[in-house]
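Participant: Need coordinates for the below:
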Amino acid sequence: MNTAFYDFAKATVRCAACVLWRARVYGRENVPASGPLIVACNHVSYLDPPLMGCLCPRRISYMAKKELFEVPVLGAMIRGLGAYAVDRKGSATSAIRRSLQVLEAGGAVGIFPEGTRNRSGEVQPQTGVALLASLAKAPVVPACIVGSDQALRLHRIDVAFGPPISLQAGRKATREDLAKFTGDVMNAIEQLAGSIGGNT
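Facilitator: Below is the predicted model of the structure:
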């Protein structure tokens, strides 16, 4: 990650978020200042990754669909912001390996468990966040963005971070453990949405 470019871009996007969308952030204190961390967030807009990244107190690396890296200028920009490619139609092995490298180095990885934008609420979450948490023994901070789907109308955007949650330690996680933990993460995200929805 190009830290100088990342910090510049983060400050620029944060300024735009505050001016254009009057962005507010809740629960910054729930984000550990150091150590491996996974931030799991809902996903309703293309703006969600940069918004969560610029409003989170930690630097965050992201998985991004490989097609975005083929777009002139955009590909170089998101790569500079710490994004790395995942092939949604093929194997995700390389993206998982890259995520583990970031976590093992004490970094933070941002994940959208639904895997794609989910405006209807009908997209089923994938267990990738639970798998990474198990392999890296990293806590997961649930996060929620409200209002980004109405950004073109300059609707207020709020971001909230909840307390970290972790898989049970001391034994290898089963498939059932991963499914249950994924459900726990999504429930925490939903509760955050309810808690900040009344403040918009």
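
Participant: which one's the longest helix in this protein?
Facilitator: helix 175-197 (DSSP state H).

Participant: quick one: that helix to chain centroid distance?
Facilitator: 14 Å (Cα atoms, centre = their mean, to the nearest Å).

Participant: where does the chain dip in pLDDT?
Facilitator: Within the chain, the segments meeting pLDDT under 70 span 1-2, 74, 88-91, 115-124, 197-200.

Participant: and if we set it to 80?
Facilitator: 1-2, 64-65, 68, 73-82, 85-92, 114-126, 169-171, 197-200 (pLDDT under 80).

Participant: follow-up on the earlier one: who touches the longest helix of the chain?
Facilitator: 26-27, 40-42, 113, 125-127, 129-131, 133-134, 140, 142-144, 146, 158, 160-162, 165, 167-168, 173 (Cβ atoms under 8 Å, 6 or more residues apart in numbering). All C-beta spots, glycine's among them, are computed from the backbone N, C-alpha and C.

Participant: Relative to Ala188, how far out is Gly75?
Facilitator: Counting by Cβ to Cβ, to the nearest Å, the gap from Gly75 to Ala188 is 33 Å.

Participant: okay, these two: which has more neighbours?
Facilitator: Taking other Cβ atoms under 10 Å, Gly75 and Ala188 do not tie; Ala188 has more neighbours (20 against 17).

Participant: With adjacent residues omitted, what lies nearest to the most centrally placed residue in the chain?
Facilitator: In the chain, the C-alpha nearest the mean C-alpha coordinate belongs to Gly110, at 3.2 Å (Cα atoms, centre = their mean). Nearest residue to Gly110, sequence neighbours excluded (Cβ to Cβ, 6 or more residues apart in numbering): Ile60, at 4.2 Å.
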